[in-house]
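Engineer: Fold the following for me, if possible:
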Amino acid sequence: MFKNKSYIGISFIILIFGIYAVPKIVDRVKNGEIVKGNRLDNVGSKNSKSDSKLLTIGPAPKFELTNQDNLKISNETYKGKVYVLEFFFTTCPSICPKMNLSMLEIEKTFFGNPNFGIVSITIDPGHDTPQILKDHAKLLGVKSSNWNFLTGDKAVIMDLSNKGFNLYAGENAKVNGGFEHSGLFALIDKDGNIRCRKDDFGNPILYYDGLDKKGVRDIQEDIKILLEE
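Structural biologist: Numbers count the residues shown, from 1 in each chain. As a prediction, the model looks like this:
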């Protein structure tokens, strides 16, 4: 008996709520108010730099060097583009072949996108002339017109690598090839800033490992983010 009265009471409350609330909900749907909340407005707003998952490290160092077609290429050439930058040399017998494969994978992913480019700067400009670089690009099967292989004054390039980007490069007669250098890739956004993600501890990684599958996968994911900014 008591249970029956409880059910009747609950049913009465539900009925009163329906009479009061349903017409208001219907009116809001008709007026489009249901989809005007701030939470829905913010769902697609992650493209702004302030909301980006990627950190801004600072302006990339300026450079002006000569490419495989004997043309002057500078950081201004890539203004408005997202690009990846590396230091290498064509006769490198150790890490460069792996870096080449990684960069070719990146090129393939973004091939045809006019807002993306690659910069490969030789640390052995005495050997790597524009013609040598042109032959090297052909040997690799490079297709993108926005992938520039650059050469120039050795001292300028070494300073650019070691002091500008803080990526190690140096001569060492005791190692195969006579040079040592970093296998890291720098990611630069459309405004010329170095960008990166955080590691698992919340620290900026600064650069991406061009010798590691995860590093190459991560940089491709982050290039896509920057292209949408």
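Engineer: Pull the residues that contact the strand or helix carrying G215.
Structural biologist: G215 belongs to helix 213-227 when elements are defined using DSSP states H and E. Residues from elsewhere that reach helix 213-227, judged by CB atoms under 8 Å, 6 or more residues apart in numbering: 52-54, 82, 84, 102, 105-106, 109-110, 113, 115-116, 185, 187, 189-190, 195-197, 208-210. Any C-beta I mention is one placed from the backbone N, CA and C, and that applies to glycine too.
Engineer: now swap in stretch 145-155 and tell me
Structural biologist: Contact with stretch 145-155 is made by 63-68, 73, 77, 81, 83, 103, 107, 114, 116-126, 128-130, 133-134, 136-137, 157, as judged by CB under 8 Å, 6+ apart.
Engineer: Which positions in that stretch come out as buried?
Structural biologist: Taking 16 or more other CB atoms under 10 Å as the neighbour-count basis, stretch 145-155 is seen to contain the buried residues N146, W147, N148, F149, L150, T151, G152.
Engineer: likewise stretch 204-212?
Structural biologist: Buried residues in stretch 204-212, defined by neighbour count with 16+ other CB under 10 Å: I205, L206, Y207, Y208, D209, G210.
Engineer: So which residues of the protein form strands?
Structural biologist: Using DSSP state E, the strands of the chain run over 55-59, 64-66, 72-74, 82-88, 116-122, 147-150, 169-171, 179-181, 184-188, 193-196, 208-209.
Engineer: What strands flank the third one, and is each parallel or antiparallel?
Structural biologist: Each strand pairing with strand 72-74, determined using DSSP bridges, is listed with its direction: strand 64-66 (antiparallel).
Engineer: which residues touch the partner strand?
Structural biologist: The contact list for strand 64-66, computed with CB under 8 Å, 6+ apart, reads K72, I73, S74, N75, I121, P130, L150, T151, G152, V156, I157.
Engineer: Turn the residues you listed into TSV, columns for distance to I225.
Structural biologist: Formatted as TSV, the entries for these read as follows, by distance: CB to CB, whole Å:
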residue	distance to I225
K72	30
I73	25
S74	25
N75	21
I121	24
P130	34
L150	26
T151	31
G152	31
V156	32
I157	29
